[in-house]
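> The sequence and its predicted three-dimensional model are supplied below.
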Amino acid sequence: MNPLAWSIPAGLLPEEPALRDHVLTQYFAERVPSSVLDSNSDGGWRVSLGVPPTADFYIDPRLAQGLTWWGCSVTDIPFAHRMMQGVFVSLSDAWTLLSASRWLAGQASLPSHLTIIHLDDHDDLMCPRLAAYNNRLADLLTGHPVDLRDPSSVEAAINSGAIGMGSFLVPLLHTLPFIDIRHLCDTDYARERTDRYWLVRAHEPDTILDPRARRPSVRLDPIVDPLAIPDQAAGTYQVRHDETALLADLGEGPILLHVDLDFFNNRFDGDSDWLGNVHRHDPNRDQVMRRVDRVVDALAPLRHRIVDVAIGISPGFFPAELWQLVCGTLVDRLASSDRLEP
């Protein structure tokens, strides 16, 4: 069986072609789905999946400049990742979960309390294309088990597209006992969302590949009473635009640092009509570099607690002409022998 093609029963996808394409594109996110009538079923569809075929998918007119620095082609973007001076760096942010998985695999047991410092223009709390069965996770696209303490299974799920750039945090929240997510964001999302929240484990029905499956998800419930912990609490979440306020009152335990470069500049935001967005987050080069310095300086007192650093470059969001400068500066400043102290 081709793992990148499925027979979808009639009724699960719209008849109208444009609406069907929209539903499939939303479902598969970073891949390019196509559908035809399935000659072997009664009105069903044959859906197949490919990687983005051209630079147009990533919007950025200077994409080639960034790819030349990285040393890969457009079709390599969903899969490209490497270590740079002890820092995990990827093009698609989905690979951040592989870095966390490698760290978890080296631990004798799951930490009872983990902090994730999340620098990003998005919360990345979308529902992955995974199924939850009896406290275990499985890839809905391939059927293979996914265990965060088994990095090879995580790598396979990212390669298949089951775990994407907006959904890599949810598997962690369904695996570890308690995670405190501290989200630094420079746009109105942070200024308008000033409450603290419980992260509560939930499930959503799958709508396309397996309607019987329950997909792991989380919801955000405002914290009214800090002592009234919900039954399915996976942790807590707060987003701030000020790093000093964000990093105050951190609990004990290890820290994972995740940096999506669209935190510094999200000029394109995956939107082909980005020029029409007059409110886009698009500071200039000097402003970006001053923000890099401020963030790294704020993190300095926590270096001994940061056990893993993952940087996602995010083509189609962060402008390619800044990849080398910003990524290189962050790697140079975050790479440190004492940072990886157990």
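Great, that's in hand. Residues are numbered from 1 along each chain as shown.
> how many neighbours does the nearest residue to residue 150 once chain neighbours are set aside have?
Nearest non-adjacent residue to residue 150, counting by Cβ to Cβ, 6 or more residues apart in numbering: residue 105, 7.0 Å away. In this view, the C-beta of every residue, glycine as well, is placed from N, C-alpha and C. Neighbours of residue 105 under the rule other Cβ atoms under 10 Å: 14.
> I'd like to know how far residue 105 sits from residue 300.
28 Å (Cβ to Cβ, to the nearest Å).
> Output the below-cut-off pLDDT ranges for the stretch 51-200 of the chain.
Counting by pLDDT under 70, the stretch 51-200 of the chain contains no low-confidence range.
> which residues of it fall in helices?
63-70, 96-105, 151-160, 169-173, 188-192 (DSSP state H, counting those that start in this stretch).
> which parts of the last one are buried?
I take that to be helix 188-192. Neighbour-count burial for helix 188-192, with 16 or more other Cβ atoms under 10 Å as criterion, is recorded at 189-190.
> Surely the residue nearest to residue 150 touches residue 153?
No: Residue 105 sits out of contact with residue 153 when judged by Cβ atoms under 8 Å, with a separation of 10.4 Å.
> What is the burial count for residue 226?
Residue 226 has 9 neighbours, counted by other Cβ under 10 Å.
> which SS state does it fall under?
What DSSP: H, G, I helix; E, B strand; the rest coil gives for residue 226 is coil.
> Now do the strands in the stretch 51-200 of the chain.
81-84, 87-90, 114-119, 130-133, 136-139, 145-146, 179-184, 197-205 (DSSP state E, counting those that start in this stretch).
> list the contacts for residue 277?
Residue 277 is in contact with 269, 271, counting by Cβ atoms under 8 Å, 6 or more residues apart in numbering.
> quick one: it from residue 284, how far?
17 Å.
> With residue 209 instead?
The spacing between residue 209 and residue 284, counted by Cβ to Cβ, is 43 Å.
> Quick check: closest non-adjacent residue to residue 132.
residue 216 (4.7 Å).
> Which element, helix or strand, includes the nearest residue to residue 12 once chain neighbours are set aside?
Closest residue to residue 12 apart from its sequence neighbours, by Cβ to Cβ, 6+ apart: residue 208 at 5.8 Å. Residue 208 belongs to no helix or strand when assigned by DSSP states H and E.
> of the strands of the stretch 51-200 of the chain, which approaches residue 164 most closely?
Minimum separation from residue 164 across these (Cβ to Cβ) falls at strand 130-133, 10.6 Å.
> What helices and strands are in contact with that closest one?
Contacts defined by 3 or more Cβ pairs under 8 Å, 6 or more residues apart in numbering; DSSP states H and E place strand 130-133 against strand 136-139, strand 214-222.
> If you count neighbours, what's buried in the first one?
It refers to strand 136-139. By 16+ other Cβ under 10 Å, the buried positions in strand 136-139 come out as 137-139.
> Just list the residues touching the residue of the chain positioned farthest from its centre, thanks.
Most distant from the centre of the chain: residue 42, at 37.2 Å, with distances by Cα atoms, centre = their mean. By Cβ under 8 Å, 6+ apart, the contact set of residue 42 is residue 10.
> ditto for residue 49
By Cβ under 8 Å, 6+ apart, residue 49 lies in contact with 4-5, 28, 31-34, 141, 161.
> one more time with 7 Å, if that's ok
If you count contacts by Cβ atoms under 7 Å, 6 or more residues apart in numbering, residue 49 has them with 4, 28, 31, 33, 161.
> out of the residues you listed, who's nearest residue 94?
Closest to residue 94, out of all of those and judged by Cβ to Cβ, is residue 161, at 8.6 Å.
> how close does that closest one sit to residue 127?
14 Å.
> who's more crowded, those two?
residue 161 (24 against 17).
> what number of residues lie near the residue nearest to that one when sequence neighbours are not counted?
In space, and not counting its chain neighbours, residue 161 is closest to residue 31: 4.8 Å by Cβ to Cβ, 6+ apart. Residue 31 has 20 neighbouring residues, counting by other Cβ under 10 Å.
> Over to the one 5 residues further on?
Look at residue 36: counted by other Cβ under 10 Å, it has 9 neighbours.
> Identify those among the contacts of residue 49 that sit within helices.
Counting by DSSP state H, the contacts of residue 49 place residue 28 in helices.
> Settle it for me: which of residue 209 and residue 284 has more neighbours?
Shown here are residue 209 and residue 284; by other Cβ under 10 Å, residue 209 has more neighbours (19 against 9).
> That one touches residue 4, doesn't it?
No: contact criterion Cβ atoms under 7 Å: residue 209 and residue 4 do not qualify, at 11.9 Å.
> Regarding this protein, what is its longest helix?
For the chain, the longest helix by residue count, based on DSSP H, is helix 285-299.
> so that helix versus strand 179-184, what angle?
Computed by axes from the mean of the first three to the mean of the last three Cα atoms, to 10 degrees, the angle separating helix 285-299 from strand 179-184 equals 150 degrees.
> just checking, what packs against helix 285-299?
Contact partners of helix 285-299 among helices and strands, from 3 or more Cβ pairs under 7 Å, 6 or more residues apart in numbering; DSSP states H and E: helix 243-246, helix 323-334.
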